[in-house]
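*Asks:* build me a model from this:
(one chain, ligands or ions: 2)
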Amino acid sequence: MYKVLVSDPISDMGIQMLYDATDVEVVKQSGLSEDELIAIIGDYDALLVRSQTKVTEKIMSAGTRLKVIGRAGVGVDNIDLEAATKRGIIVINAPDGNTIATCELTFAMMMSTARMIPQAYKKTVGGEWDRKFIGVELRNKTLGILGMGRIGSEVAKRAKVFGMEVIGYDPFLTEERAEKIGVKLGTVNEIVAQADFITVHTPLTPETRHLISKPQFDIMKKGMRLINCARGGIIDEMAMVEAIEQGIVAGAAFDVFEVEPPQQDHPFLNNPKVIVTPHLGASTIEAQENVAIDVSEEVLHILRNEPFKNAVNLPPVPANVLNILQPYFGLGEKIGSILGQIAQGAVYEIVVNYAGDLIDVDTSPLTRYIVKGVFEKQLEGLNIVNAMHLAKSRDVNIVVQKSNTSNSFTNLVTVTVKTKQEEKTLAGTLLAGYGERIVRIDQYPVDFAAEGNLLLISHNDKPGIIGRVGTLLGTNNVNIATMQVGRKVIGGSAIMVLTIDKSAPSNVLDELSEQAEIVNVRALTV
Ligand SMILES: NC(=O)c1ccc[n+]([C@@H]2O[C@H](COP(=O)([O-])OP(=O)(O)OC[C@H]3O[C@@H](n4cnc5c(N)ncnc54)[C@H](O)[C@@H]3O)[C@@H](O)[C@H]2O)c1
Ligand SMILES: O=C(O)[C@H](O)COP(=O)(O)O
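*Replies:* Numbers count the residues shown, from 1 in each chain. Ligands and ions are numbered 1, 2, ... in the order given. As a prediction, this is how the structure comes out:
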């Protein structure tokens, strides 16, 4: 039974599939301190959070069963990603579910600051009938958008409908895409100098911290308005207070703060030009359901060892590349696993050669599966998130090659594992109608599906050996399911690959090894 702890308020409707899963137990406990979480996290396989829970290294060290941290939302700045990666904890988020909610809040904030709705409301409910709130229209104004990802692009679309001119900056925004969504491209400073409204939609990173600060306020149009529904700290709060005093900023709307919640004496809170909300961007029924559904699906996949997407601590794989690579993940892991079990000594290098169909795509996700396979029987807590990290931290050199020769296979993955004692090589392919096949062990051509208990017997190609092996296993009640012999030349060295129904006891393996003409016997499970 997998145990999932939900430590922030997450939509019950959205996590219904976790409640429904017969192999999952869900516990909801919000508002726990770090110490309280540390005390209980050891019982859980998965932790589900929003932005309140700070998932620190200490919490992860105590989470000895923790496989996955699911963030029901976009930003993962409350999760120590490096610590998670080191421990092989997969961190997933729900990047799409709250885009529209946050975009719509941004628009509401832009209109509210343009028309001073919260200020007018406050006076009206306070008994005053003050009609001096003269706002500005959005039509024919220039909106500057910094960060043109999911939310920034949606804001741009809506701004166009309102008759605004939109200029945007994003290091990944191409001219073609900008043209498609009707956005002019500009540098940060060009945008800052031209815009009547600016809205930021980047993550908070060392590059975006104080992206708008004193030098930018100095070149802004007088009377401009500023919106931050992304992350506190992208706009320098103190520099903005000064810019308001200087009449540069006529109004600002902030949903997020450098420190949340802001202190009661925070200069925004009593400033009539600044409107504030308590980090409500994603707070719609729809968004909360969406993100909770997305994250629950992924958590289930990860707990059940099924393929998943949206891992934040793994490089993203474009869908078209994933479609090509995914069928090879199992094969790659098996090749790695066999080599890891048969190679004697500490592995110092893994050489992976991709041929055929695989040479045109970025194969690094597949390499991760191979490396994971090599070490899976040796390193506890290893998974595809930390496989490369653990291999590199043990000074294992990973060499990836691509070649045009695939020995007439449509695709071929060849892996060599090097230790001080020996080099072992395995090649595998995906054969239409047959699935995963291992087609070479060292220099010997073979053809078998790597599954279950295997015996690899190196021997000299002499009459009677196959019979003796069969008799010895049969006498010891070890049933042979399949058998393959690979050799280069008649009478030379050869390899026998047997699939057996149960693992062979060590005395049987010893007896096999002592047979004349048998060079070595290696037993493994895949
Ligand atoms: N207020 C809320 O409740 C709320 C809700 C959802 C998202 N957010 C925040 O909004 C932000 C954007 O979310 P999204 O879903 O659009 O993310 P996204 O990843 O789709 O877009 C972010 C964009 O920022 C760009 N970027 C990165 N560095 C930049 C830089 N130096 N200058 C300009 N652009 C840069 C990236 O290229 C990317 O296109 C995130 O920080 C997210 O955490 C806040
Ligand atoms: O990054 C996000 O998704 C937003 O900041 C929403 O955060 P929340 O889930 O705490 O509302």
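
*Asks:* confidence score at Glu380?
*Replies:* For Glu380, the pLDDT comes out at 65.

*Asks:* just Tyr169 next, same as before
*Replies:* Per-residue pLDDT puts Tyr169 at 96.

*Asks:* and for Ser406?
*Replies:* Taking Ser406 on its own, its pLDDT is 68.

*Asks:* check contacts around Lys502.
*Replies:* Neighbouring residues of Lys502 by CB atoms under 8 Å, 6 or more residues apart in numbering: Asn453, Val478, Asn479. Every residue, glycine included, has its C-beta placed from N, CA and C.

*Asks:* how close does the first one sit to ligand 2?
*Replies:* Counting by CB to the nearest ligand atom, to the nearest Å, the gap from Asn453 to ligand 2 is 47 Å.

*Asks:* neighbours of that residue, how many?
*Replies:* Neighbour count for Asn453, taken as other CB atoms under 10 Å: 17.

*Asks:* what bridges to it?
*Replies:* Beta-bridge pairing for Asn453 (DSSP bridges): Ile500, Thr525.

*Asks:* contacts only, for it.
*Replies:* Thr499, Ile500, Asp501, Lys502, Ser503, Ala504, Ala523, Leu524, Thr525.

*Asks:* surely the first one and Leu473 touch.
*Replies:* No: look at Thr499 against Leu473 with CB atoms under 8 Å: they stay out of range, at 11.5 Å.

*Asks:* mutual contacts of those two, please.
*Replies:* Here Thr499 and Leu473 share the contacting residues Ile480, scored by CB under 8 Å, 6+ apart.

*Asks:* bridged to Thr429, which residues?
*Replies:* Taking DSSP bridges, one obtains Arg437 as the residues bridged to Thr429.

*Asks:* measure it to ligand 2 for me?
*Replies:* Plainly put, Thr429 is 43 Å away from ligand 2 if you go by CB to the nearest ligand atom.

*Asks:* what's the spacing between that residue and ligand 1?
*Replies:* 37 Å.

*Asks:* return the residues of this protein in contact with ligand 2.
*Replies:* Within the chain, the positions lying close to ligand 2 (CB under 6 Å from any ligand atom) are Arg50, Ser51, Gly73, Val74, Gly75, Asn98, His279, Gly281, Ala282, Ser283.

*Asks:* checking my notes, Glu176 in a strand, right?
*Replies:* No: the assignment for Glu176 (DSSP: H, G, I helix; E, B strand; the rest coil) gives helix, which keeps it out of a strand.

*Asks:* burial of it, as a residue count?
*Replies:* Residues near Glu176, counting by other CB under 10 Å, number 7.

*Asks:* which ones are touching it?
*Replies:* Contacts of Glu176 by CB under 8 Å, 6+ apart: none found.

*Asks:* thinking His210 is in contact with Arg231, fair?
*Replies:* No: the pair His210 / Arg231 is not scored as a contact, 11.7 Å apart, by CB under 8 Å.

*Asks:* so for the two, which sits in the more crowded spot?
*Replies:* Of the pair His210 and Arg231, Arg231 is the one with more neighbours under other CB under 10 Å, namely 27 against 17.

*Asks:* how about the more buried one, what does it touch?
*Replies:* Gly75, Asp77, Thr202, Pro203, Leu204, Thr208, Val256.

*Asks:* which of these fall in helices?
*Replies:* If you go by DSSP state H, the contacts of Arg231 have nothing in helices.

*Asks:* by neighbour count, which of these wins?
*Replies:* Val256 (24 neighbours).

*Asks:* now that residue. Nearest residue, chain neighbours left out?
*Replies:* Counting by CB to CB, 6 or more residues apart in numbering, Val256 lies nearest to Gly232, which is 4.4 Å off, once chain neighbours are set aside.

*Asks:* and the residue of the stretch 351-500 of the chain at minimum distance from ligand 1, what does it touch?
*Replies:* Nearest to ligand 1, among the residues of the stretch 351-500 of the chain, is Asp362, at 19.3 Å (CB to the nearest ligand atom). Residues counted as contacts of Asp362 (CB under 8 Å, 6+ apart) are Val317, Val321.

*Asks:* again with the one 4 residues further on
*Replies:* Neighbour list for Leu366: Leu325, Tyr328, Phe329, Gly332, Tyr354, Leu358, Val413 [criterion: CB under 8 Å, 6+ apart].

*Asks:* isn't the fourth one up against Ile370?
*Replies:* Yes: counting by CB under 8 Å, Gly332 sits close enough to Ile370 to count as a contact (4.3 Å).

*Asks:* so which residue of the stretch 1-150 of the chain comes closest to ligand 1?
*Replies:* Gly149 (1.8 Å).

*Asks:* from Lys28, how far off is that residue?
*Replies:* 31 Å (CB to CB, to the nearest Å).

*Asks:* please identify which of those two sits among more neighbours.
*Replies:* Gly149 (17 against 14).

*Asks:* give me the pLDDT value at the residue lying closest to the more buried one once chain neighbours are set aside.
*Replies:* Counting by CB to CB, 6+ apart, the nearest residue to Gly149 once its immediate chain neighbours are dropped is His201, at 6.4 Å. The score at His201 is 97. That number is its pLDDT.

*Asks:* picking that back up, tell me, which of the contacts of Arg231 make contact with ligand 1?
*Replies:* Restricting these to those near ligand 1 - CB under 6 Å from any ligand atom - leaves Gly75, Thr202, Pro203, Thr208, Val256.

*Asks:* and of those, the nearest to ligand 2?
*Replies:* Distances from ligand 2 to the ones next to ligand 1 among the contacts of Arg231, taken by CB to the nearest ligand atom, are shortest for Gly75, at 3.1 Å.

*Asks:* can you report phi and psi for the closest one?
*Replies:* phi -70, psi 130 (degrees, to the nearest 10).

*Asks:* surely it and Ser51 touch.
*Replies:* Yes: at 6.3 Å, Gly75 counts as touching Ser51 under the criterion of CB under 8 Å.

*Asks:* any idea how far ligand 1 is from the residue most central in space within the chain?
*Replies:* Centroid-nearest residue in the chain, with CA atoms, centre = their mean: Ala311, separated by 1.6 Å. As for Ala311, its distance to ligand 1 is 15 Å (criterion: CB to the nearest ligand atom).

*Asks:* which strand residues bridge that residue?
*Replies:* Beta bridges link Ala311 to Ile92 when assigned by DSSP bridges.

*Asks:* in contact with it, which residues?
*Replies:* Ile90, Val91, Ile92, Val385.

*Asks:* that one and ligand 2, how far apart?
*Replies:* According to CB to the nearest ligand atom, Ala311 and ligand 2 sit 16 Å apart.

*Asks:* okay, buried residues for the helix ranked longest in the chain please.
*Replies:* The longest helix of the chain (DSSP H) is helix 319-342. Across helix 319-342, burial judged by 16 or more other CB atoms under 10 Å covers 321, 324-325, 328-342.

*Asks:* same deal with stretch 36-52?
*Replies:* Counting neighbours by 16+ other CB under 10 Å, one finds that the buried residues in stretch 36-52 are Leu37, Ile38, Ile40, Ile41, Tyr44, Asp45, Ala46, Leu47, Leu48, Val49, Arg50, Ser51.
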